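Trainee: Got a sequence here, can you build the structure:
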Amino acid sequence: MQADPNLYDHWPYRDRPKIVWPDGKKLAFWIAPNIEYYEFDPPKNPQRPGWPKPSPDVVGYSQRDWGNRVGHWRLMELLDKYGMRGSISLSVGLLDHHPEIIEACVARNWEFFSHGIYNTRFSYGMDEAQERAVIEDSIRSVEAATGQRIRGYLAPALTHTEKTFDLMAENDFWYTCDLFQDDQPQPVKTKTGKLISMPYSLEVNDVITYGALSMSPWRYADVLKRHFDQLLEEGEKSGTVMCIPLHAYLVSQPHRIRPFEEALRHIAGHDEVWITTAREIAQHYRDHYFDQTVADIAARGLATPGTGFDHAAA
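Mentor: So this is what the prediction gives:
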């Protein structure tokens, strides 16, 4: 292992070249509903158990099943109300398990990106051929089911190998949600392609806020509004990105959905916001700012040799 992953260069937030989103918007806002499938009895991975409790974990399984049976539909209706499209972080196996969800997302022109096959199948221990097969299968499967060529990737359960990012770029993915180093997109240092890190979030991810931090619904809504207000203010100088990663089995619970709506109403009430999808943000950034960013990093003397997990001279 290296001292650091070398996936991106240090690039101070101040005095960067200005990003302007379409129509002069200051902040690009997107929502990432994670539509996941958890196997009841997944294959054993020696580096991480599929479930935190010993099998059979009927409690965890049924809670997540509620998200696909009930919660997703409640969340979808709420996003419809505010004209917001989701960028679906998809367990690709769900194409077979819940085609009715896929059909509803396609009808709404929501984006899909890959979140692996199942959220109980981890990248740990995969060799390059196995991980490549997972990525290539996700491209084929989603396109066959939806007609959409996926351009984004979030590794299953946030598990990676040293080849993950190069394999994304090799397969012409435009963005990864696996890095959390910035509030703006940034080029990822891969051997090929033009892969960018897309601002996702752990801080306002409902798994963290409701799970690890045990926030109340109204506290979570307040956090979302303050997070948004700060990024919108900074977007005056250079365009920022805000993502809300969601899991229907958490945010769509009956006692939580109304406070969450208050946050969406606050965001939708600002004209300076580009309410969009991750794919559209990535395309705009790649077309207009990718090369500018690389040049600025080099001009500041901040570019370092090599690519991810490989510090050798380029």
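
Trainee: can we go C-alpha only for contacts and neighbour counts from here?
Mentor: Noted.

Trainee: burial measure for Gln148, as a count.
Mentor: Neighbours of Gln148 under the rule other Cα atoms under 10 Å: 18.

Trainee: pLDDT at it, what is it?
Mentor: The model reports Gln148 with a pLDDT of 98.

Trainee: give me every residue that touches it.
Mentor: 112, 142 (Cα atoms under 8 Å, 6 or more residues apart in numbering).

Trainee: what helix or strand does it sit in?
Mentor: Here Gln148 is covered by no helix or strand, with elements defined by DSSP states H and E.

Trainee: Torsion angles phi and psi at it?
Mentor: Gln148 has phi and psi values of phi -110, psi 130 when expressed as degrees, to the nearest 10.

Trainee: For Pro259, give its distance to Gly152.
Mentor: Relative to Gly152, Pro259 is positioned 29 Å away (Cα to Cα, to the nearest Å).

Trainee: Give me the more crowded residue out of those two.
Mentor: Gly152 (28 against 18).

Trainee: these two touch, right, that one and Ala169?
Mentor: No - assessed by Cα atoms under 8 Å, Gly152 is found out of contact with Ala169, at 10.1 Å.

Trainee: And Lys194, how close does it get to Ala212?
Mentor: 34 Å.

Trainee: When those two are compared, which one has more neighbours?
Mentor: Between Lys194 and Ala212, Lys194 has the larger neighbour count (other Cα under 10 Å), namely 19 against 9.

Trainee: Relative to Asp172, how far out is the more buried one?
Mentor: From Lys194 over to Asp172 (counting by Cα to Cα), the distance is 8 Å.

Trainee: And for Arg226?
Mentor: For Arg226, the distance to Asp172 - Cα to Cα - is 35 Å.

Trainee: Next: Phe40.
Mentor: In terms of Cα to Cα, Phe40 sits 33 Å off from Asp172.

Trainee: for Gly269, same thing?
Mentor: Distance from Gly269 to Asp172, by Cα to Cα: 35 Å.

Trainee: can you check Phe113 too?
Mentor: Phe113 sits 13 Å away from Asp172, taking Cα to Cα as the criterion.

Trainee: shared neighbours, those two?
Mentor: In contact with both Phe113 and Asp172: Arg151, using Cα under 8 Å, 6+ apart.

Trainee: re the thing from before, neighbour count winner among Arg226 and Asp172?
Mentor: Per other Cα under 10 Å, whichever of Arg226 and Asp172 has more neighbours is Asp172, with 16 against 13.

Trainee: pLDDT score assigned to the more buried one?
Mentor: Per-residue confidence (pLDDT) for Asp172: 97.

Trainee: Return the residues in contact with the nearest residue in space to it that is not next to it in sequence.
Mentor: Using Cα to Cα, 6 or more residues apart in numbering and skipping the chain neighbours, the partner closest in space to Asp172 is Gly193 (6.4 Å). Gly193 sits next to 169-170, 172 when contact means Cα under 8 Å, 6+ apart.
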